[in-house]
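Colleague: got a predicted structure here, sequence first:
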Amino acid sequence: MSNISADKIKELRSISGSGFMDCKKALLESKGNIELAVDFLRKQGLSLSVKRSGKSTSEGVVSSYIKDNRGVLLEVNSETDFVSRNIIFQNYVKTITELCMTTSGNINKLNFVNIDNNRTVSDELSHLKSIIGENILLRRASFIEVQEGVISSYIHSKVADNMGKIGVLVGIESEGDKTKLESFGYKVAMHIASEKPCSLDIDSLDKHLVERELKIYSDQASSYNKPDNIIKKIVSGRISKFYEEVVLLEQKFIFDRNVTVSELLKNFSNDIGCEVKISSYSCFVLGDISK
């Protein structure tokens with residue numbers, strides 16, 4: 001592949017933060033494959049990170065709704081940011097987010113839920129498109145439930161109550177005082193919105209992602225002409241650092257960088273006198289296509 005389009009180079013620059021010529025070279029080496037091009041740049045020490053790659057230009061809102069020990073997160077896309085501030089659009093999103101609880105976050109089923117006696121969610125969406133004059137998409141939803149404890153949420157860049165550009169739900173399992181759990185969960189949700197972990201723990205991290213990182217670190221270390229035992233230590237250290245960046249329980253807590261989230265849980269459990277666990281979480285970044 002001798003010719004690489006400017007759009008392809010622009011996309012890689014957006015993902016990697018690398019320069020124009022470096023991106024062009026990486027795309028030529030990878031025959032236009034974006035993922036392989038990112039790996040090429042990272043092996044050269046030129047790419048900043050793959051953690052937050054995959055952004056698109058989709059507009060709209062991320063909306064949350066919590067009731068008792070259950071919560072949903074819903075992303076609704078539009079063509080322009082202007083629509084996200086339209087009160088008719090916001091009222092529709094609020095209504096369907098609450099209805100999404102009845103389908104446990106299943107969007108396909110949500111489309112057939114009745115909003116009133118005359119219209120389903122899908123019917124009302126078609127009506128809304130005709131009024132606003134833009135394409136609107138129910139993109140994705142997530143459902144979280146805890147057996148005992150609380151569901152906490154955080155919305156960043158709010159445009160209305162429980163609607164914004166980033167939405168987080170986190171399930172906190174515990175028999176402890178609910179008020180204290182809610183305050184704790186809110187801080188954890190803010191941390192997730194800031195750090196955007198890829199998984200709750202190491203075991204649940206995407207195996208393909210881990211294998212990809214190991215290959216990059218191994219290829220980098222092999223070029224140092226060090227003994228095998230030294231190379232293994234280098235790779236082990238770098239994969240541990242990677243876990244600290246992308247795994248929630250391994251990350252340094254944003255409000256106290258001296259402790260990891262895992263250590264924070266242990267400390268908080270001791271403070272309130274009972275075990276506290278993060279059972280699950282969801283984080284939607286508007287327009288993010290990487291998750």
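Modeller: That came through, no problem.

Colleague: what segments of this structure are helices?
Modeller: Ranges of helices in the chain, per DSSP state H, are 6-16, 20-29, 34-43, 81-84, 87-100, 107-110, 121-132, 178-195, 207-222, 228-246, 261-272.

Colleague: now the first one: buried residues?
Modeller: Which is helix 6-16. Neighbour-count burial for helix 6-16 flags 8-9, 11-12, 15-16 (criterion: 16 or more other CB atoms under 10 Å). Using the backbone N, CA and C atoms, a C-beta is placed for each residue, glycine as well.

Colleague: just name the lowest-scoring one in these, pLDDT-wise.
Modeller: Lowest pLDDT among the buried residues of helix 6-16: residue 16, with 71.

Colleague: surely it touches residue 35?
Modeller: No. With contacts counted by CB atoms under 8 Å, residue 16 stays clear of residue 35, the gap being 11.2 Å.

Colleague: pLDDT averaged over stretch 165-185 - what is it?
Modeller: For stretch 165-185, mean pLDDT is 97.

Colleague: ok, so what distance separates the residue lying farthest from the centre of the chain from residue 233?
Modeller: Within the chain, the residue lying farthest from the chain centre (CA atoms, centre = their mean) is residue 227, at 38.7 Å. Counting by CB to CB, to the nearest Å, the gap from residue 227 to residue 233 is 10 Å.

Colleague: kindly report the same for residue 60.
Modeller: As judged by CB to CB, residue 60 and residue 233 stand 47 Å apart.

Colleague: these two: who's more crowded?
Modeller: Using other CB atoms under 10 Å as the criterion, residue 60 and residue 233 rank with residue 60 on top: 26 against 13.

Colleague: surely the more buried one meets residue 76?
Modeller: Yes. Judged on CB under 8 Å, residue 60 makes contact with residue 76 at a distance of 4.9 Å.
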